[in-house]
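Colleague: Give me the fold of what follows.
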Amino acid sequence: MAIKIILLVVFFSAMIGIGIYSRQKAKNVTDYVLGGRTVGPWISAFAFGTSYFSSVVFIGYAGQFGWKFGLASTWIGLGNAFIGSLLAWLVLGRRTRLMTQKLDAKTMPEYFGKRFDSRSLRVVGSIIAFIFLVPYTAGVYNGLSKLFGMAFNVDYRICVIIMAVLTGAYVVIGGYMATALNDFVQGIIMLIGICAVIGAVLNGQGGFLNAVHELSLIETDPAVTTPALQSSQGLFASFFGPDPLSLLGVVILTSLGTWGLPQMVHKFYAIKDEKAVKTGTVVSTFFAIVIAGGCYFLGGFGRLFGDQPGIIETLEDGTVKVAFDSIVPAMLSTLPDILIGIVVVLVFSASMSTLSSLVLTSSSTLTLDLIKPALKKDMGEKTQVRIMQAFVIIFIVISVLIAFNPPMFIAQLMGVSWGALAGAFLAPFMYGLYSKKITKASVWASYIVGVGFTIVNIIHPIIASPINAGAATMIAGLIIVPIVSLITPKPDQTKIDEIFSCYEKRVSVKETENLGE
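Modeller: Coordinates of the predicted model:
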């Protein structure tokens, strides 16, 4: 216990210290929200990766999908690395940085408002972002609480409150630069921690080969497989697992989803220059391979721990219920104290980096896209920063209250959040960076489909899995936006050409060879 507490005290002290250090760099709105658009490649890449992977992935997703798909869940991690990180940086990184600077947009809703010349798009976008970032935040708190309860045997509400206070403190004090610097430190801890944990867990199962052998002996069951693949041995240790189509849905949601999440795309707004984008692409991809690939690979061995207390529960009607959120904590509970301490700091790192990004994104979009336009008068820089700091606290309080009594599993909370946000934002954001023909009406259509389908699916499930439902909304948006743009009034071409001029700057250079033929 002393080891765990010492590690946490050192970790928390470092986080607050970085927040205080960054205070002098957060005096105006651009500095507070974007770090002055001067963030280097390594810090940007780690900020992207640590915001991507939190306790939701490590505890919720790795546990649930490792149980359902076995070792094939590693594909989710690889999808996160190559689609969610590498392609996201290649497709969105440079263009996002250039266009948001041209538009002077600091948030995703502000981008929509200025890119499509619509104040109402900006206001509605900010409301969508705030509402659907809350369940994601609650899921992060809930994931951490499961591990905290295992390590310290205390009420998880204490963990949630501690987490909320610390995150709120350094975000309020230092803004984006504090979160980015903390993300870098937390990312290093995550890289070291995940490698140590995988080695220790596999060693406890007699090594990698023996663990795979034991996993191959487990027979699939109707609760997790399609009818065609039921009652087969070896599928949990196979290439595509027992349910390849459901696995594909998870890969799409968790990989493509980052392209439309405000807190993820926000990292591209702040990056320093062209060189930083190129370096950040490589670093971010490597980080995702290790962290995401490692988490899902570890979760793939979850069924070897099915005999641990609290994982499988038989209900009165004879049905079997699996506590997915307890699988990874059960896997870790047998580790030595020093490793448990490292894991606790690892998951705290992953969670605090994501939480800080979420609360900063939600507070900035409410202030800049809803409150400021509504007042219809100039608002001073200091006033805007103070309002954002107040909303950081309000957002944290709301998400903590939900985390005290979560309505569903962690993975389901994340599925609802990502489905609505990426379903609404992904297609118009990406197409808007590349095409001059995307219309205002198509953005409204994407908003309606993404949010509308998510809400309807919660009330009257059309697609049983929130994960598959979220993936469906993203794909639907990618189809609907270009179709609606074809049949609705085109935007003012002069304004659009001016916006896209940021990609076409002309420069004069001296001719080095000028002898004619």
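Colleague: From here on, just use CA atoms for contacts and neighbour counts.
Modeller: Fine.
Colleague: Quick one: end-to-end length of stretch 220-235, please.
Modeller: Using C-alpha to C-alpha, to the nearest Å, one end of stretch 220-235 lies 7 Å from the other.
Colleague: I'd like the numbering to begin with 697 instead of 1 from here.
Modeller: Taking 697 as the first residue, the last one we looked at is stretch 916-931.
Colleague: Need the pLDDT of residue 1048.
Modeller: The score at residue 1048 is 69. That number is its pLDDT.
Colleague: Look up how far residue 1161 lies from residue 1153.
Modeller: 9 Å.
Colleague: tell me the SS of residue 1192?
Modeller: Under DSSP: H, G, I helix; E, B strand; the rest coil, residue 1192 falls in the helix class.
Colleague: Let me know whether it touches residue 1134 as I believe.
Modeller: No. Under the criterion of C-alpha atoms under 8 Å, residue 1192 is not in contact with residue 1134, lying 10.1 Å apart.
Colleague: More neighbours: the two, which one.
Modeller: residue 1134 (26 against 16; other C-alpha atoms under 10 Å).
Colleague: Spatially, what comes nearest to the more buried one if we skip its sequence neighbours?
Modeller: residue 1181 (5.3 Å; C-alpha to C-alpha, 6 or more residues apart in numbering).
Colleague: Can you classify that neighbour by secondary structure?
Modeller: The three-state label given to residue 1181 by three-state DSSP is helix.
Colleague: could you measure it against residue 955, distance?
Modeller: 20 Å.
Colleague: More neighbours: the two, which one.
Modeller: A count of neighbours by other C-alpha under 10 Å puts residue 955 above the other of residue 1181 and residue 955, at 25 against 19.
Colleague: which residues of the stretch 997-1146 of the chain score low on pLDDT?
Modeller: 1011-1014, 1046, 1048-1049, 1072-1073, 1099, 1101-1110 (pLDDT under 70).
Colleague: Spell out the residue ranges of the strands in it.
Modeller: Under the criterion DSSP state E, counting those that start in this stretch, strands of the stretch 997-1146 of the chain are mapped to 1008-1010, 1016-1018.
Colleague: which residues sit against the helix or strand hosting residue 907?
Modeller: Using DSSP states H and E, residue 907 sits in helix 904-912. Helix 904-912 has contacts (C-alpha atoms under 8 Å, 6 or more residues apart in numbering) with 766, 898, 901, 929-934, 997, 999-1000.
Colleague: for the helix or strand following it, which positions count as buried?
Modeller: Sequence order places helix 940-952 as the next helix or strand after helix 904-912, per DSSP H and E. Across helix 940-952, burial judged by 16 or more other C-alpha atoms under 10 Å covers 940, 942-952.
Colleague: and the residue nearest to residue 1134, what does it touch?
Modeller: Residue 1181 neighbours (C-alpha under 8 Å, 6+ apart): 1133-1135, 1137-1138.
Colleague: ok, it to residue 948 distance?
Modeller: As judged by C-alpha to C-alpha, residue 1181 and residue 948 stand 24 Å apart.
Colleague: now do residue 1193
Modeller: Residue 1193 is 33 Å from residue 948, by C-alpha to C-alpha.
Colleague: pretty sure residue 742 contacts residue 983?
Modeller: Yes. Residue 742 is within contact range of residue 983, at 7.5 Å (criterion: C-alpha under 8 Å).
Colleague: the more surrounded of those two?
Modeller: Set residue 742 next to residue 983 and count neighbours by other C-alpha under 10 Å: residue 742 wins out with 28 against 22.
Colleague: What's the first helix or strand after the helix or strand in which residue 818 is found?
Modeller: Here residue 818 sits within helix 815-848, counting by DSSP H and E. Where DSSP H and E defines the elements, the next helix or strand beyond helix 815-848 is helix 852-900.
Colleague: Would you show me how to pick out the buried ones of the contacts of residue 1181 in PyMOL?
Modeller: A single PyMOL command selects the buried members of the contacts of residue 1181 (16+ other C-alpha under 10 Å):
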select buried, resi 1133+1134+1135+1137+1138
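Colleague: out of the contacts of residue 1181, what pair is the most spread apart?
Modeller: Largest separation among the contacts of residue 1181 by C-alpha to C-alpha: 1133 and 1137, giving 11.4 Å.
Colleague: which outside residues touch stretch 791-801?
Modeller: The contact list for stretch 791-801 (C-alpha under 8 Å, 6+ apart) reads 802, 807, 810-811, 961, 964-967, 1129, 1195-1196, 1198-1199.
Colleague: what do you get for stretch 1129-1144?
Modeller: 788, 791-792, 795, 812-814, 817, 821, 1119-1121, 1123-1124, 1127-1128, 1173, 1176-1182, 1184-1187, 1189, 1192-1193, 1196.
Colleague: For residue 1163, which non-adjacent residue is spatially closest?
Modeller: Closest to residue 1163 by C-alpha to C-alpha, 6+ apart is residue 1111, at 4.8 Å.
Colleague: Can you name the residues that contact the closest residue to residue 1084 other than its chain neighbours?
Modeller: Among residues not flanking residue 1084 along the chain, residue 1059 sits closest, at 5.1 Å (C-alpha to C-alpha, 6+ apart). Counting by C-alpha under 8 Å, 6+ apart, residue 1059 makes contact with 826, 1084-1088, 1091.
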